[in-house]
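# I'd like to go over a predicted model; first the sequence, then the structure.
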Amino acid sequence: QILILDFGSQYTQLIARRVRELDVYCEIHPYNNFPELTPNIKGVILSGSPCSVRDEGSPRVDLSQIRGQVPILGICYGAQVMAQMLGGEVQASQTREYGRAKLNIADHDSSLLAGLSSSSHVWMSHGDTIVSIPDSFHVIASTESVRVAAYKLADELTYGIQFHPEVTHSTEGKQLMHNFVVGICECKQDWTSESFAEQTIAELKVELGNDRVVMALSGGVDSSVAATLVHHAIGKNLFCIFVDNGLLRKDEYEQVLHSYEDMGLNIKGVDAKDLFYSELAGLTDPEAKRKAIGKAFIDIFDQEAHLIEDVKWLGQGTIYPDVIESVSVKGPSATIKSHHNVGGLPDFMKLKVVEPLKTLFKDEVRAVGRTLGISENILGRHPFPGPGLAIRILGDVTAEKVHILQQVDAIFINGLKKWDLYKEVWQAGVMLLPVQSVGVMGDERTYENVVALRAVTSVDGMTADWAHLPYDFLAEVSNDIINRVKGVNRVVYDISSKPPATIEWE
Ligand code: XMP
């Protein structure tokens with residue numbers, strides 16, 4: 001595997017994605033929590049950083065632990081920090097350099113740059129430049145404004161590059177990553193979704209033996225794939241619970257339950273709608289609503305888990321972005337919303353935790369799901385928040401409001417599917433606003449609810465843009481909603497991006 005040392009760059013996860021696209025396993029570790037080098041670590045990549053190497057207290061790493069033992073590739077800050085620590089000089093650039101630059105290869109024999117064309121463009125994003133390098137370094141590529149765009153140390157497989165091969169704007173970034181990971185580090189390209197599934201099931205068999213495992217499923221991709229892996233390993237010893245919290249989409253409870261039964265899972269559906277509605281009654285504050293839902297969920301889950309005799313493990317669909325230890329080089333970030341995931345279950349249950357997907361990114365989870373034959377119906381789903389429609393009904397939640405929103409949401413989502421737009425957007429849903437407006441139907445004055453449609457494009461939900469859906473589609477959906485859903489007489493479309501807005505309204 002490849003070890004990625006994170007100095008807090010926004011691109012660190014992208015580096016990991018690129019390595020894994022080469023079918024090579026890699027892990028991200030914080031720069032200040034360096035794991036011991038084991039023989040299966042074939043190379044180390046030092047990431048970029050929002051810091052400047054010139055800042056006092058900027059992150060450092062003890063290079064003597066890795067230099068000469070495995071190949072090293074420093075990217076941006078990673079390259080600068082090595083240059084500076086080994087006697088070179090880094091200064092603030094005359095102009096900050098962002099964007100594309102043409103790469104002029106100085107050393108055509110360099111293994112790192114093998115196969116790169118003379119028209120290769122790279123993506124620059126830095127405010128500092130390496131202005132001098134020690135004698136043991138030699139420059140292997142430059143750009144018009146950066147002399148030391150790429151360097152190699154004499155007699156060792158240590159490289160630094162000022163640009164970002166991991167972003168798609170670097171036209172031959174993939175080739176460069178291949179050169180380093182496969183060529184220089186000699187990693188085998190055998191980490192595929194098939195091998196992951198096979199190996200994980202084998203390991204789960206050993207780890208879980210004849211023990212019983214309980215798991216809460218949500219209908220989403222992660223918990224479904226995690227459960228399927230555990231099911232392949234231990235069959236009926238996996239007890240799955242699917243809770244109807246009364247906040248799911250229209251008909252979703254029945255559909256998902258049937259899919260799980262068809263997959264052969266040992267699944268129990270629990271109708272807890274009334275409990276959730278009574279816990280939510282009268283609550284209007286978004287955080288209070290989330291907390292009430294979280295608590296009701298834990299109560300139900302605890303009650304159900306206790307009905308299973310002798311259960312020892314709790315299965316969870318945690319994925320890699322949830323567990324990467326984030327490096328905070330610029331101070332802690334504030335909590336915007338307290339997320340309720342089936343993830344955060346109580347310790348008081350004293351169960352051991354099994355998380356078979358905790359090394360995977362979301363799209364890798366989908367790929368494993370496909371390998372396991374899980375239907376596209378589940379794998380291709382948009383993300384849906386744990387608290388469900390409750391955080392899309394602004395203000396207090398009642399069964400009647402849920403019913404209205406379910407109908408509107410179904411028209412919107414089915415419309416997206418009919419118009420072949422469902423896959424184009426990352427997530428879509430509807431908000432029911434605590435606002436009435438005047439309308440006219442026939443000769444009658446109406447005074448009814450307003451709904452806001454929301455559809456976004458995104459990669460990971462951290463940032464998002466509103467989806468530029470066709471006007472004809474919006475017109476059809478709006479018409480259908482107002483004509484078919486009693487209680488709604490006005491439809492608006494949310495055109496805010498995240499940031500500064502968020503995807504959900506609460
Ligand atoms: P926001 O609204 O923060 O949402 O832009 C980002 C993504 O997270 C989902 N979301 C949640 N998911 N529990 C979840 O499991 C939650 O409490 C929760 N709140 C928001 C949201 O749907 C979007 O995909």
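Arrived safely, thanks for sending. As the structure is a computational prediction, the values presented were derived from the model and not from experiment.

# list the buried residues in the helix or strand where residue 131 lies.
Following DSSP states H and E, the helix or strand that holds residue 131 is strand 121-132. In terms of neighbour count (16 or more other Cβ atoms under 10 Å), strand 121-132 has its buried residues at 121, 122, 123, 124, 125, 126, 128, 129, 130. (C-beta placed from N, C-alpha, C; glycine too.)

# got it, and stretch 389-401?
389, 390, 391, 392, 393, 394, 395, 397, 401.

# so can I have TSV of those showing distance to the ligand, secondary structure and pLDDT?
Output for those, formatted as TSV (distance: Cβ to the nearest ligand atom, whole Å; DSSP: H, G, I helix; E, B strand; the rest coil; pLDDT from 0 to 100):
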residue	distance to the ligand	secondary structure	pLDDT
389	11	helix	98
390	10	helix	98
391	6	helix	97
392	9	helix	98
393	14	strand	98
394	13	coil	98
395	17	coil	97
397	14	coil	98
401	19	helix	98
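
# mind putting the residues you listed into a markdown table with distance to residue 355?
Putting those into a markdown table (distance: Cβ to Cβ, whole Å) gives the following:
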| residue | distance to residue 355 |
| --- | --- |
| 389 | 27 |
| 390 | 26 |
| 391 | 25 |
| 392 | 28 |
| 393 | 32 |
| 394 | 34 |
| 395 | 36 |
| 397 | 31 |
| 401 | 35 |
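
# burial count for residue 274?
10 (other Cβ atoms under 10 Å).

# tell me how far residue 6 lies from residue 44.
The gap separating residue 6 from residue 44 is 12 Å, by Cβ to Cβ, to the nearest Å.

# quick one, domains of this structure?
Using automatic domain parsing, the domain parsing of the chain gives 2-184, 193-379, 398-493.

# looking at those domains, which one has the lowest mean pLDDT?
Confidence, taken as mean pLDDT, is least for domain 193-379 of the domains of the chain (a mean of 90).

# how many other residues sit next to residue 254?
Neighbours around residue 254, by other Cβ under 10 Å: 12.

# downstream of the helix or strand hosting it, the next helix or strand is which one?
Here residue 254 sits within helix 252-262, counting by DSSP H and E. Downstream of helix 252-262, the next assigned helix or strand under DSSP H and E is strand 267-271.

# separation between the residue lying closest to residue 359 once chain neighbours are set aside and residue 207?
Counting by Cβ to Cβ, 6 or more residues apart in numbering, residue 359 lies nearest to residue 320, which is 5.6 Å off, once chain neighbours are set aside. The gap separating residue 320 from residue 207 is 19 Å, by Cβ to Cβ.

# those two - which one has more neighbours?
Set residue 320 next to residue 207 and count neighbours by other Cβ under 10 Å: residue 320 wins out with 19 against 14.

# contact partners for that one?
357, 358, 359, 360, 361 (Cβ atoms under 8 Å, 6 or more residues apart in numbering).

# ramachandran angles for it?
phi -60, psi -50 (degrees, to the nearest 10).

# and for residue 85?
phi -70, psi -20.

# residue contacts, it?
60, 63.

# mind running it again at 10 Å?
53, 60, 61, 62, 63 (Cβ atoms under 10 Å, 6 or more residues apart in numbering).

# which stretches of the stretch 251-400 of the chain form helices?
Using DSSP state H, counting those that start in this stretch, the helices of the stretch 251-400 of the chain run over 252-262, 273-280, 286-306, 320-323, 362-371, 376-379, 399-418.

# tilt between the longest one and helix 273-280?
With axes from the mean of the first three to the mean of the last three Cα atoms, to 10 degrees as the criterion, the two stretches helix 286-306 and helix 273-280 enclose an angle of 140 degrees.

# same question, the fifth one
On the basis of the same axes, to 10 degrees, helix 362-371 is oriented at 170 degrees to helix 273-280.

# that older thread, from the buried residues of stretch 389-401, which is closest to residue 306?
Closest approach between those and residue 306, by Cβ to Cβ: residue 390, at 25.8 Å.
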